[in-house]
Structure formats: structure tokens, C-alpha cells
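**Student:** A predicted structure for the sequence below; I have some questions about it.
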Amino acid sequence: LRAAFPDQDIGLIGGGYHEPQPLTIATYDSAARHIERLGDRFGLLIFDEVHHLPSEFYRSIAEFSLAPYRLGLTATPERSDGRDADLLELVGSLVYRRHPDQLAGDVLAAFQIRVIHVDLSPAERVAYQQALDERNAFLQANRLSLSALEGWNRFVMLSARSIEGRRAMRAHRDARRIAHATPAKLRALGLILANHPGAKTVIFTEDNATAYEVSQRFLIPCLTHQTAIKERQEILDRFKAGTYAAIATSNVLNEGVDVPDASIGVILSGSASAREFIQRLGRILRRGEGKQAVLYEVIARETREERVADRRREGGVQGHSGTPESAQPQLELAVEKPVQD
């Protein structure tokens, strides 16, 4: 903003500062806390990452403001709780939308999405099925479905009320852990890294344990919510400088962090959220001369991960709901056999 408006005093609200000016930057948290005193001071509100706005706390920013002009920006407006529908009232109607594939090669780097399937070992398959059977027996007994957020919330509530419920929740987590962290995925990751020597690579996981395992096995720096801010910035700076060719992370790079020059992304595990998928894809799409970005999804075959991956792709990238024929990886041919136990 200072570069765009060199003659303006730029106000700041948040991070220990409370200096409102006609042109002010504020964090969502600070804006929500102070909106009763600030609501009549601005004529234009610009909401970055506007998908956060409909939350119970942040929506007060829009509701208490008198600003007649409002603009919301996000690559991923959809929310799992359905509250993205409230953006019409809080900000206004949708005026412009483009999907990443529509911008590839122009505003964004050209990219491919490549799906690699791996197989659970026989022992993992037995343990996975036993965990699913135990969980599903509880769901059926209580007429629960996990296809919607309401069903999941009821499962969480009921699981705390009985021994059977706690066992069912533990079984659910065991099944997820087996699919997310099968050693076959690490072997696939090793082949991916070998196929892109020196390429700046970001490896995404759903949980800290897998991120740490990747870090230890491949000697790759790891970023989680437990990483101190100073250390996090140092790792990103060294990644930018080329000292580190790859970094592993569990969710902390999904949003609001610039990952410079990365061209390869590897999703070892993730949720069904289209927002998360777009955010992870976005980490590798900064345009560069002749750049071809590749996002790999490593998925455990015949597990819930297959449905989860389909859902996030269907809502995430227009024209890339499956693996395009042109993006079918030769790597997959090399991976299919070695990763089987």
C-alpha cells in the first residue's frame, strides 16, 4: 500500500498496533473486537480471504459497519458449514470468478495434476478393514452418516457418551492414520523427489506426525503449527535462496504464506475441502518463465481417501476433476509395483 499510495499515512490495527487512518489495514480478529468504534469511519471495506467473514465472530465486522462499498477476495469461497451463502448479505453478489486452469499459462504457471495410487500392505489392509467395521457398526446402530457436517458433529457428540462410542472414534482415527501414513506413500514420495532433482518442492500432509516422518526420512525441513515464527521464516528464506530444495508441512502453508518459486507439490494426505486443495495448488502456481508446475496426489487405493480426493477435485479445479489424459504420469508406472508390499 505504501508503494501504491506514497503520500498517504497507512493505519494499522492488530499485532499490538491501534492506529486507524483513512486508509487502514486490520486483522480480522482486531477488526471484530473494535468494530463498534470503527463501524462508521470507512466507506469501503476490502475483505481478503473473505471466506473467513461468515464465521460467528468475524461476521460482526460486516454487520456493524456502515460502509456502502464492499469487496471480498478469495480463491476459495466455499465453506464446509455452508455459511458461504451468507456472503451475499454480508458483502454482496459474486461479480467475478476464474478457476486456476482458466488462468494457467497467463496469470498463473501452467500446471498438471497427477494422481498416484499406492496399495496398503496385507497387514495394513486387515487393520484398516477392522477399524472401519468397528466404526461403521456404531454409525449404523445410531443411524449416523458422515456425508455431511451435521452427521460428523453428532458422531463426535455421541462418541463421548459411551465406551462403544469412544472405541468407534478411536477406530475412525486408526483407519485414517493407516491410509494417511502407509509406508507405501513414503516410497512413492522418494520416487517423486528422484524424478524432480533440484526442483523446489512442497510436501503437504494432514497431520504433524506424517510431516515429521517425512522430514526425518528425507532430511527435509518441516513446518507445523508448533514451529516458532522465527524458525518458520528462516526455513522459508532458505527455501527461497535455494539452500533447501524441499519442505514438508501440515496445513500451515495452506493460506496466507508466500512460498517462493515452488514448482512441485505433493499431497500425501488431505481433507475433502476444495478450499484446501486450491490453496495447496496455489502454493506452486507463481508464474515463471517456461515454468510447468506439477501437483501430485498420493492416494491409498481402496480406502476412503479415493472418495475424499474426488470430492476436493470436483469442487476445486474446473476441468481437472480427474487426471487429464495429458497429465497421466509416467512416474505412476514406476510407482505401482515398488510401493506394493
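**Tutor:** Nice, thanks for sending it over. Numbering: from 1, shown residues only.
**Student:** which one is residue 291 nearest to, not counting chain neighbours?
**Tutor:** In space, and not counting its chain neighbours, residue 291 is closest to residue 109: 4.3 Å by Cβ to Cβ, 6 or more residues apart in numbering. Where C-beta positions appear, they are placed from N, C-alpha and C, glycine not excepted.
**Student:** Counting neighbours, what do you get for that neighbour?
**Tutor:** 21 (other Cβ atoms under 10 Å).
**Student:** what's the pLDDT at it?
**Tutor:** On pLDDT, residue 109 comes in at 78.
**Student:** I figured it hits residue 290, correct?
**Tutor:** No: counting by Cβ atoms under 8 Å, residue 109 does not reach residue 290; the two are 9.3 Å apart.
**Student:** so residue 202 sits in a strand?
**Tutor:** Yes: per DSSP: H, G, I helix; E, B strand; the rest coil, residue 202 lies within a strand segment.
**Student:** For it, list each beta-bridge partner.
**Tutor:** As for beta bridges, residue 202 partners with residue 247, residue 265 under DSSP bridges.
**Student:** pLDDT at it, what is it?
**Tutor:** 93.
**Student:** which ones are touching it?
**Tutor:** Shown in contact with residue 202 (Cβ atoms under 8 Å, 6 or more residues apart in numbering): 246-249, 253, 259, 262, 264-266, 280, 283-284.
**Student:** and the gap between it and residue 59?
**Tutor:** To residue 59, residue 202 is 32 Å away according to Cβ to Cβ, to the nearest Å.
**Student:** returning to what we had before: distance-wise, check the residue nearest to residue 291 relative to residue 166.
**Tutor:** Residue 109 sits 47 Å away from residue 166, going by Cβ to Cβ.
**Student:** Same check on residue 181?
**Tutor:** Using Cβ to Cβ, we find residue 181 at a distance of 22 Å from residue 166.
**Student:** again with residue 103
**Tutor:** 47 Å.
**Student:** What of residue 249?
**Tutor:** In terms of Cβ to Cβ, residue 249 sits 31 Å off from residue 166.
**Student:** Then residue 174?
**Tutor:** Distance of residue 174 to residue 166, computed by Cβ to Cβ: 13 Å.
**Student:** and those two? which has more neighbours close in?
**Tutor:** Looking at residue 174 and residue 166 with other Cβ under 10 Å, you find the greater number of neighbours at residue 174, namely 17 against 13.
**Student:** can you list the residues that contact the helix or strand where that one lies?
**Tutor:** Using DSSP states H and E, residue 174 sits within helix 163-181. The contact list for helix 163-181 (Cβ under 8 Å, 6+ apart) reads 120, 124, 127-128, 130-132, 134-135, 137-139, 155-156, 158-160, 205-207, 209-210, 213, 268-269, 300, 303-305.
**Student:** filter those residues to the buried ones?
**Tutor:** By neighbour count, with 16 or more other Cβ atoms under 10 Å, these hold 120, 124, 127-128, 131-132, 134-135, 138-139, 155, 158-159, 205-207, 210, 213, 268-269, 300, 303-305 as buried.
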